[in-house]
Every structure is written in C-alpha cells, then in structure tokens.
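Novice: Give the three-dimensional model of this entry:
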Amino acid sequence: MQLAKVVGTVVSNRKDPNIGGFKLLLLRQTNPETMEDGSYVVAVDAVGAGVDEYVLIAAGSSARQTEMTKNRPCDAVIMAIVDQWTIDGRQVYEKFSPNHGYDVEI
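Specialist: Alright, predicted model coming up:
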C-alpha cells in the first residue's frame with residue numbers, strides 16, 4: 001500500500017466497458033514523514049474519496065483484488081481514506097484537526 005493525496009479528477013467518455021462507471025481520481029504520492037509530493041497516479045476510487053483527502057492505494061496485481069476491481073483492467077485502486085497517521089509516537093496528520101489535517105510544520 002502507498003499513501004497519496006487526491007489532487008483532482010479524471011474524466012474519460014470512451015473507455016473499455018470493463019471499467020465503465022468507475023470514478024477515476026488523480027493522486028499525488030506523499031512521503032508520510034515530510035509530506036513532500038511524489039509522482040502522479042490515476043486510480044479507481046473504491047471508497048468514495050474526494051479531492052484533498054489522503055488515501056491508501058494498492059497498485060499492480062493487488063489493485064485487482066477489491067470487490068469492485070476484481071478481474072478488471074485496473075493498475076491502481078483507492079482502498080481506504082486516511083483519518084490520521086503517526087510516526088514514532090508523533091501524530092503527523094489528523095483529518096479533522098483545527099489545522100486542516102496538518103499537525104506538523106510543512
């Protein structure tokens with residue numbers, strides 16, 4: 001699994017019928033310690049995530065193991081929306097904090 005932030009949406013009017021109806025989101029992989037941005041990835045949304053949320057994604061053959069993506073042509077899937085994470089006992093991110101999620105100076 002990888003940590004990423006939803007940064008946008010992807011719309012495709014013409015696609016393989018096996019992925020018809022899937023919501024596609026544009027993600028930016030995130031370093032959980034520094035909150036620095038990494039590379040972009042497009043993923044199928046299996047959990048109802050939205051822009052600016054942090055999510056967990058599975059990629060490769062693991063992406064095809066959710067109920068929604070089983071046996072579908074999918075290389076990345078959002079499988080969880082992150083509420084918080086800690087590193088070495090220090091809370092780094094909390095979705096519902098007064099600082100809009102960030103508990104560290106960025």
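Novice: Correct me if wrong: N18 contacts T69.
Specialist: No. Using C-beta atoms under 8 Å, N18 makes no contact with T69, being 9.7 Å away. For every residue, glycine as well, the C-beta is placed using N, CA and C.
Novice: Okay, now the sheet partners of the helix or strand containing K5, with direction.
Specialist: Using DSSP states H and E, K5 sits in strand 2-10. Sheet pairing of strand 2-10 (DSSP bridges) gives strand 24-30 (antiparallel), strand 54-59 (antiparallel).
Novice: How about the contacts made by the residue nearest the centre of the chain?
Specialist: Geometric centre of the chain, nearest residue: V55, 3.5 Å, by C-alpha atoms, centre = their mean. Contacts for V55 were tallied using C-beta atoms under 8 Å, 6 or more residues apart in numbering; they are L3, A4, K5, V6, L27, V47, A49, I78, M79, A80, I81, V82.
Novice: what about the helices in this protein?
Specialist: Secondary structure of the chain (DSSP state H): no helices present.
Novice: which residues of this protein score low on pLDDT?
Specialist: 98-106 (pLDDT under 70).
Novice: same thing but 90
Specialist: 18-20, 33-37, 60-72, 91-93, 95-106 (pLDDT under 90).
Novice: what about the strands in it?
Specialist: 2-10, 24-30, 37-45, 54-59, 76-81, 84-87, 90-94 (DSSP state E).
Novice: Make a markdown table out of those strands and add distance to Q65.
Specialist: Listed next are those as a markdown table, based on distance: least, C-beta to C-beta, whole Å:
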| stretch | distance to Q65 |
| --- | --- |
| strand 2-10 | 15 |
| strand 24-30 | 18 |
| strand 37-45 | 12 |
| strand 54-59 | 7 |
| strand 76-81 | 8 |
| strand 84-87 | 23 |
| strand 90-94 | 26 |
